[in-house]
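**Student:** Take this sequence and fold it.
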Amino acid sequence: MPATLADRLGQRLRISPNTLLIVTAAAIGLGAALANYAFYWLIHGAHRLFFHVIAADVLGAVTPQGKHFHLSEGRAWLIALLPVFGVMLLHMLARIFPGEVYGYGMPRFLERVNLKDAKLPARNIIIKMLSAAITVGSGGSVGKEGPVVQIGGTVGSVASGLLGMSTERTRLLVASGAAAAIAAAFDAPIAGVLFAIEIILIGAFELQVFTMLIVAAATSVAFTRGLLNVPSVFGQVPPLDFPAGWPLVMFLGLGVLLGLAAWLYNTLFHRMGGLWKALPLNQHVKPFLGALLVGLLGVFVFGVFGDGAEWIARLFAAGPGDLPAILNDMWAPGDMGGHFLIMGLALVALALFKMLATATTLGSGGAGGVFGPALFIGAALGTAFGLAMMSLFPQTVSDFRPFTLVGMCAFLSASTHAPLTSIFLMFEVTNRADSVLPVLAASVLGTALSHKLNRESIDTLELAERRVDLHLGKEERILVITPVAEVMRVRVERVNIREPLRQLVARVLESRHTHFPVVDDEGYLRGIVGLSDIRSVLAQPEALDFLIALDVAVTDVVFVRTDDNLRTAMSKLNFRGFSEIPVVDADGKLAGMLAQNDVINAYNKKVLQAKL
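**Tutor:** So this is what the prediction gives:
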């Protein structure tokens, strides 16, 4: 086996393989920070193109007021065209990269990382940057954090490929890139590390993995803070006073509300995706229809456009007196007044419309993630709950913003089933120890309730429908990612269905094999003959001259296909205690034989390769 670049570097630098992994993780952190920087400015440029130039200057649908926009009277309906213009650009990109642009890519990313070879093509960086920037910039209701994760993961995969790393180490470097990307986006290194552990690696934890993730995330954040000066997703969060003592019980109530809302969000997202897939339209037409529907919704509910980060930042910077103006900007009808009940109901309705807009954008083929919309929905529901508490307990609760922040993080936890990520994100965003208990209470309860209603998160629902289980141990994962075609024996002693039995017996006695597949003239599998079948006929020697192979073959054959994995093959081998079974191709023709020893040897080889 030729030496890889990793081997040569280790020898030249005189460092161990583990040390080289950590150095590589630091380099990946640097690369992820640069990618996040480029992605940030791409989104910023796309937003200026679509909202400042097209919507404001050309269409006159919006009027800029400082950093924000207001719908223009008389021409507001033209804003519905903005997401459609974005899909036009997306369509051109999809023509260049067919099958790699449309839709929510996180489930496929997780499947590739956990159940396949974790190798991601370098073009993913460009595709995800451009497609997500176009969708977010043109008003599509998607988040940029999902693409950021895939971009960072691709940086890790490309680095692993250059160094010639094994599949298992590639997987760890992909997770390192994802951790670095999230850490840079939120200015939260610990949250980035925990995100990689909880969501990318599905809870797998080893000390070496933890070290690599920390190095990558810390390098990314240090570089972002020191040189790139990219602002956090939330902007500057002001100092907040979190309740202590008995008022913490309120956050348990918030957790219940958010757990139910997360279940609704996940279910709606999944069902809408299924409806869009079943719609009998061309795959290039669906994104246009979805964009138009989101655009029409945005005419009435302006707050559904984009990932919602701007609105979250405005909520954090607002006081109770500023909230009516913010809601007036989110809703086209405007004039919410200052009544807590009206504002609370408007925020709940806004959260529901945001769920619908996100499911429509991504279900129809828009590109992006669900992380950003989840944060916005949680912030809206948390603010509504905070207003209710201010109304019911005016002497105890004087500010809705702690509930906004807790709601944002806890809803993210409940929808992604990643409570540790959300808890530490809260701590790193606020730098306040007293924020931990409220978000801990709401996140754990909300996540438990959401998991009770559906054990799958928003990222794994699609995979579960396809019966793809990411929650596998390392050993079982090896069996799942290895196809039968890679292990089967191609050179097989075939028996024709019309072969005379005496001739077959002679062949069996000279062969070292114990099972012989029986095929017809076209090569289709018709049965199998084993030593026990031959032995039963030898008691009647006179039958050898009258019978043919098909007469003694077992026609109810247990077989596997070339595209089955080794876990499926082992379950069939063990079902009746077979030592080997036939393998057929997609047409049903015999492709080879698979022995139990072949599976065991292949498994041992894969385990050894994973450790190298």
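**Student:** Tell me where the stretch 1-150 of the chain is predicted with low confidence.
**Tutor:** Low-confidence segments of the stretch 1-150 of the chain (pLDDT under 70): 1-3, 6-7, 66-68.
**Student:** all helices for it, in order.
**Tutor:** For the stretch 1-150 of the chain, the helices defined by DSSP state H, counting those that start in this stretch occupy 5-13, 17-47, 82-96, 106-115, 123-137, 145-163.
**Student:** contacting residues for V468?
**Tutor:** Taking CB atoms under 8 Å, 6 or more residues apart in numbering, we find V468 in contact with E111, L115. Every C-beta, even on glycine, is put in place using the N, C-alpha and C of the backbone.
**Student:** now the strands: where do they sit in this structure?
**Tutor:** Taking DSSP state E, the strands of the chain run over residues 62-65, 68-71, 495-496, 515-519, 525-530, 560-561, 580-584, 590-595.
**Student:** one step back: turn the helices of the stretch 1-150 of the chain into TSV, columns for mean neighbour count and distance to D564.
**Tutor:** Below are those laid out as TSV (neighbours: other CB atoms under 10 Å; distance: least, CB to CB, whole Å):
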stretch	mean neighbour count	distance to D564
helix 5-13	14	32
helix 17-47	20	33
helix 82-96	20	31
helix 106-115	21	14
helix 123-137	24	28
helix 145-163	27	26
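**Student:** any chance of the ones you listed in a markdown table, plus distance to D57?
**Tutor:** Below are those laid out as a markdown table (distance: least, CB to CB, whole Å):
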| stretch | distance to D57 |
| --- | --- |
| helix 5-13 | 51 |
| helix 17-47 | 14 |
| helix 82-96 | 13 |
| helix 106-115 | 35 |
| helix 123-137 | 15 |
| helix 145-163 | 28 |
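**Student:** Ok, which of the ones you listed comes nearest F559?
**Tutor:** helix 106-115 (23.1 Å; CB to CB).
**Student:** Show me the contact partners of the closest one.
**Tutor:** Contacts of helix 106-115 (CB under 8 Å, 6+ apart): 118-120, 146, 149-150, 153, 171, 174-175, 199-202, 369-370, 459-463, 468, 470, 472, 477, 480-481.
**Student:** Tell me what angle it forms with helix 123-137.
**Tutor:** Angle of helix 106-115 versus helix 123-137, following axes from the mean of the first three to the mean of the last three CA atoms, to 10 degrees, is 150 degrees.
**Student:** In CSV, list the C-alpha atoms belonging to helix 106-115.
**Tutor:** C-alpha atoms of helix 106-115 as CSV (Å, rounded to 0.1, in the frame of the first residue of the first chain):
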residue,chain,number,x,y,z
MET,A,106,-28.8,18.3,5.8
PRO,A,107,-30.3,14.7,5.9
ARG,A,108,-28.2,13.7,2.9
PHE,A,109,-25.1,15.3,4.5
LEU,A,110,-25.7,13.4,7.7
GLU,A,111,-26.2,10.1,5.8
ARG,A,112,-23.0,10.6,3.8
VAL,A,113,-21.0,11.4,6.9
ASN,A,114,-22.3,8.7,9.2
LEU,A,115,-23.3,5.8,6.9
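**Student:** Show me the shaky parts of the protein.
**Tutor:** For the chain, the ranges with pLDDT under 70 are 1-3, 6-7, 66-68, 203-205, 228-237, 332-338, 471-475, 537-544, 576-577, 608-612.
**Student:** Go again with 50.
**Tutor:** Along the chain, the parts satisfying pLDDT under 50 run over 1.
**Student:** hang on, the earlier thing: mind checking which of the helices of the stretch 1-150 of the chain is nearest T267?
**Tutor:** When those are compared (using CB to CB), the closest one is helix 106-115, at 15.6 Å.
**Student:** domain parsing for the chain?
**Tutor:** 11-228, 246-475, 483-611 (automatic domain parsing).
**Student:** Redo these as JSON lines? Include distance to L240.
**Tutor:** Listed next are the domains of the chain as JSON lines, based on distance: least, CB to CB, whole Å:
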{"stretch": "domain 11-228", "distance to L240": "17"}
{"stretch": "domain 246-475", "distance to L240": "5"}
{"stretch": "domain 483-611", "distance to L240": "46"}
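**Student:** Which one, of these, ends up nearest to P239?
**Tutor:** domain 246-475 (7.6 Å).
**Student:** Can you check the distance spanned by stretch 88-108, start to finish?
**Tutor:** Stretch 88-108 stretches 24 Å from its first residue to its last (CA to CA, to the nearest Å).
**Student:** picking up where we left off before, tell me which of the helices of the stretch 1-150 of the chain sits nearest to D187.
**Tutor:** Among the helices of the stretch 1-150 of the chain, the nearest to D187 by CB to CB is helix 17-47 (10.6 Å).
**Student:** And that closest one, what does it pack against?
**Tutor:** Contacts defined by 3 or more CB pairs under 8 Å, 6 or more residues apart in numbering; DSSP states H and E place helix 17-47 against helix 5-13, helix 123-137, helix 145-163, helix 167-186, helix 207-223.
**Student:** Dump these into a markdown table; add distance to I43 as well.
**Tutor:** Putting these into a markdown table (distance: least, CB to CB, whole Å) gives the following:
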| stretch | distance to I43 |
| --- | --- |
| helix 5-13 | 34 |
| helix 123-137 | 5 |
| helix 145-163 | 10 |
| helix 167-186 | 11 |
| helix 207-223 | 18 |
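**Student:** Out of the ones you listed, the one nearest G45 is which?
**Tutor:** Shortest distance between G45 and the helices and strands packed on helix 17-47, using CB to CB, is found for helix 123-137: 7.5 Å.
**Student:** That closest one versus helix 17-47: what angle between them?
**Tutor:** Per the same axes, to 10 degrees, the angle that helix 123-137 makes with helix 17-47 is 30 degrees.
**Student:** so how far is helix 123-137 from its chain's centroid?
**Tutor:** Relative to the centre of its chain, helix 123-137 is centred 16 Å away, using CA atoms, centre = their mean, to the nearest Å.
**Student:** ok, residues contacting that helix?
**Tutor:** The contact list for helix 123-137, computed with CB under 8 Å, 6+ apart, reads 35, 38-39, 42-43, 45-47, 49-51, 86, 89-90, 93, 97, 100-101, 105, 142-144, 146-147, 150-151, 154-155, 158, 306-307, 361, 366-369, 372.
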